[in-house]
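Peer 1: Sequence first, then the predicted structure:
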Amino acid sequence: MTGPVRVLPVPADHGYVDHLLDDRVPGVVLVRPPDGGHPSPALDAGWVTASAGTFDVLHVHFGFEGRTPEQLGALVAAVRGAGRGLVLTVHDLENPHFREQDGYDRLLDVLVPAADAVVTLTPGAATEVGRRWGRAAEVVPHPHVAPLSEIGTRRPSRTPRVVGLHLKSLRANLLARPVLRSLVEAVGRLPQAVLRVDLHTEALDPAFPRHDAEFVRDLRAAADAGALDLRVHERFDDAGLIGYLRGLDVSVLGYGHGTHSGWLELCHDLGVPVVAGRIGFLHQQQPLVETDLHDPAAVAEGLARALAPLPGSVATPGERLAQRLDVATAHRALYQRVLAGTAGVRA
């Protein structure tokens, strides 16, 4: 074939996907399904068969949680039948949206063995992919999340110091109760520090699937007692999220399970130290302070460490720009290898 490799990503509209390419590395173009949506139509076998002339490689990242193993098996067959390549990036070995992982594991059991190439973000995750499926996964680190223009900006010095816990919409992997208890006690031990807790408005709705009336009462009671500054609001847009993080001196990730974190990468871009539990392979992504989130004394010690200068925790535009070049180069080489491997089928 002549011309660039046409890559159809899933999801099609995501900052991570956009930052895998770079103008300095020609030869790859992203194509987007015209009808978009979630789940992506590119996860439908019939759509892939009908649209196979528009792309060369299907690159699945995330967003397939709502499909069944049978649907993903049909998708694989459609990609194979059309002579297209299939690339999978394993972002999550444990899905943060589910407490029980059996259903998600069955989806990975379809996609990982079937992919023409497997990518992941850290060496530890690659080792786990090899152990579970016998596949060699190429390690390509997570690119920057913040726009390059936002990276490296000096953060303000303020008193009191602000420790932030964003509860989002009480996602399944969030240790909301124990982390809140630990943080209230831990921040109370720190001089001139305050705890800010954010929550999405939908989590207050009794009809919301993850609404927890007792926890919301406890949260409001703690706010009324002056133990924390509670902010309830709709989801931030990109600019709002950057503004929120710039208002923190530490961001606490209250996760009980997971593999990697885009939030950690964004904090690295903005120079915001992160405290988290010992989960997944966050420690191989960027510098952070790992601690036992169930132990208030350990959390207090971790916060104190994070409030001191943390070596390597602040990205620079030059570093992220150089990394983006490496990430784009690695993906171009990978797509070209996959395309060469499917050439006989396509002919």
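Peer 2: Looks like it arrived, so ask away.

Peer 1: Could you tell me the end-to-end distance of stretch 185-195?
Peer 2: This stretch, stretch 185-195, spans 10 Å end to end (Cα to Cα, to the nearest Å).

Peer 1: Contact partners for residue 270?
Peer 2: 146, 150-151, 153, 155, 242, 245-246 (Cβ atoms under 8 Å, 6 or more residues apart in numbering). Every residue, glycine included, has its C-beta placed from N, CA and C.

Peer 1: Quick check on it: phi, psi?
Peer 2: The phi/psi pair for residue 270 (degrees, to the nearest 10) reads phi -100, psi 0.

Peer 1: Nearest the middle, which residue of the protein would you pick?
Peer 2: residue 262 (3.6 Å; Cα atoms, centre = their mean).

Peer 1: Any idea how many residues pack against residue 74?
Peer 2: 19 (other Cβ atoms under 10 Å).

Peer 1: My read is that it contacts residue 45, right?
Peer 2: Yes: between residue 74 and residue 45 there is a contact under Cβ atoms under 8 Å: 3.9 Å.

Peer 1: check contacts around the residue nearest to the centre of the chain.
Peer 2: Residue 262 touches 16, 142, 145, counting by Cβ under 8 Å, 6+ apart.

Peer 1: try 6 Å
Peer 2: Going by Cβ atoms under 6 Å, 6 or more residues apart in numbering, residue 262 touches residue 145.

Peer 1: separation between it and residue 60?
Peer 2: Using Cβ to Cβ, to the nearest Å, residue 262 is found at 17 Å from residue 60.

Peer 1: And residue 230, by the same measure?
Peer 2: Residue 230 is 38 Å from residue 60, by Cβ to Cβ.

Peer 1: Could you do residue 285 as well?
Peer 2: 21 Å.

Peer 1: Per-residue pLDDT of the residue nearest to the centre of the chain, please?
Peer 2: Listed pLDDT for residue 262 reads 97.

Peer 1: chain center to stretch 210-228, what's the gap?
Peer 2: Chain-centre distance of stretch 210-228: 27 Å, with Cα atoms, centre = their mean, to the nearest Å.

Peer 1: Show me the longest helix that occurs in the chain.
Peer 2: helix 317-341 (DSSP state H).

Peer 1: Give me the domain ranges for the chain.
Peer 2: 5-143+322-346, 148-307 (automatic domain parsing).

Peer 1: Using JSON lines, lay out these together with distance to residue 315.
Peer 2: Compiled in JSON lines, these are given as follows (distance: least, Cβ to Cβ, whole Å):
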{"stretch": "domain 5-143+322-346", "distance to residue 315": "9"}
{"stretch": "domain 148-307", "distance to residue 315": "5"}
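
Peer 1: Select, out of the ones you listed, the one closest to residue 316.
Peer 2: Nearest to residue 316, of all the domains of the chain, is domain 148-307, at 5.1 Å by Cβ to Cβ.

Peer 1: tell me how far the ends of that closest one are from each other?
Peer 2: 25 Å.

Peer 1: Between residue 230 and residue 60, tell me which one has more neighbours.
Peer 2: Taking other Cβ under 10 Å, residue 230 and residue 60 do not tie; residue 60 has more neighbours (23 against 17).

Peer 1: Next up, the contacts around that one.
Peer 2: 10, 88.

Peer 1: Please report phi then psi for it.
Peer 2: phi -90, psi 130.

Peer 1: For it, which residues count as its bridge partners?
Peer 2: residue 10, residue 88 (DSSP bridges).

Peer 1: Go through the strand or helix carrying residue 303 and flag the buried ones.
Peer 2: Using DSSP states H and E, the element containing residue 303 is helix 296-307. Burial within helix 296-307, assessed by neighbour count using 16 or more other Cβ atoms under 10 Å, is assigned to 296, 299-304, 306-307.

Peer 1: Show me what it is packed against.
Peer 2: helix 176-189, strand 289-290 (3 or more Cβ pairs under 6 Å, 6 or more residues apart in numbering; DSSP states H and E).

Peer 1: Turn those into JSON lines, columns for mean pLDDT and mean neighbour count.
Peer 2: Formatted as JSON lines, those follow (pLDDT from 0 to 100; neighbours: other Cβ atoms under 10 Å):
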{"stretch": "helix 176-189", "mean pLDDT": "97", "mean neighbour count": "20"}
{"stretch": "strand 289-290", "mean pLDDT": "98", "mean neighbour count": "19"}
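
Peer 1: Serialize these to a markdown table and add fields for distance to residue 161.
Peer 2: Shown next, in a markdown table, are the helices and strands packed on helix 296-307 (distance: least, Cβ to Cβ, whole Å):
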| stretch | distance to residue 161 |
| --- | --- |
| helix 176-189 | 9 |
| strand 289-290 | 14 |
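
Peer 1: Any idea which of these gets closest to residue 9?
Peer 2: Nearest of those (Cβ to Cβ): strand 289-290, 31.3 Å.

Peer 1: now the closest one, how far from the centre of its chain.
Peer 2: 18 Å.

Peer 1: Quick one: closest of the helices and strands packed on helix 296-307 to residue 278.
Peer 2: Using Cβ to Cβ, these put strand 289-290 closest to residue 278, at 4.8 Å.
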